[in-house]
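*Asks:* The following comprises the amino acid sequence and a computationally predicted model.
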Amino acid sequence: MREITIIIIILIIIFGGALYTQKYLNDTVNVLVGKLEDLKTAIEGNKITEEELEQKSDDIYGEWEKINEKWSVIVLHDEIDLIETSLIRMKSKIKTGDTEGSMEDLDTSIFLVKHIREKEKTRLKNIF
């Protein structure tokens, strides 16, 4: 009876951790994608000055640095490196005034961040 109780407790810890991790990933993906989409809308609408664009891109990168600290425990480092590279390219293109070129990196960043959410979902196809 004691072994069964221990096994049940371990399974509860594993599934609880998986649920917590998935919720955290969903929340951070939503925050990051929301900020990236806002930046994209601002660039497309020309509603913002270059200084404000730089500030927004710096804010997004700062948010990414906070998220990256915790994601590095959960997500593959190759995936994180791709997102970071795309964000750095976007940020540098905005700083140099190449807003058209930054759109490509913005779209890439949005795709990669959303891909993390789909890749890390607890599904049968992701387990096997």
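*Replies:* Yep, it's here.
*Asks:* What helices and strands are in contact with the helix or strand hosting residue 64?
*Replies:* Following DSSP states H and E, the helix or strand that holds residue 64 is helix 50-74. Judged by 3 or more Cβ pairs under 8 Å, 6 or more residues apart in numbering; DSSP states H and E, helix 50-74 is in contact with helix 2-45, helix 77-95, helix 99-119. No exception for glycine: its C-beta is placed from N, CA and C like everyone else's.
*Asks:* So residue 18 versus residue 62, what's the distance?
*Replies:* Counting by Cβ to Cβ, to the nearest Å, the gap from residue 18 to residue 62 is 29 Å.
*Asks:* distance of the residue nearest to residue 95 when sequence neighbours are not counted from residue 97?
*Replies:* Leaving aside its sequence neighbours, residue 95 sits nearest to residue 54 (Cβ to Cβ, 6 or more residues apart in numbering; 5.8 Å). To residue 97, residue 54 is 10 Å away according to Cβ to Cβ.
*Asks:* Would you enumerate the residues in contact with the residue nearest to the spatial centre of the chain?
*Replies:* In the chain, the residue lying closest to the centroid (Cα atoms, centre = their mean) is residue 113, at 4.0 Å. Applying Cβ atoms under 8 Å, 6 or more residues apart in numbering to residue 113 gives the contacts 29, 32-33, 36, 83.
*Asks:* what's the distance between residue 78 and residue 70?
*Replies:* 17 Å.
*Asks:* should've said residue 56
*Replies:* Residue 56 is 23 Å from residue 70, by Cβ to Cβ.
*Asks:* And these two? Which one has more around it.
*Replies:* Per other Cβ atoms under 10 Å, whichever of residue 56 and residue 70 has more neighbours is residue 56, with 19 against 13.
*Asks:* right, and the more buried one touches residue 36 too?
*Replies:* No: using Cβ atoms under 8 Å, residue 56 makes no contact with residue 36, being 9.7 Å away.
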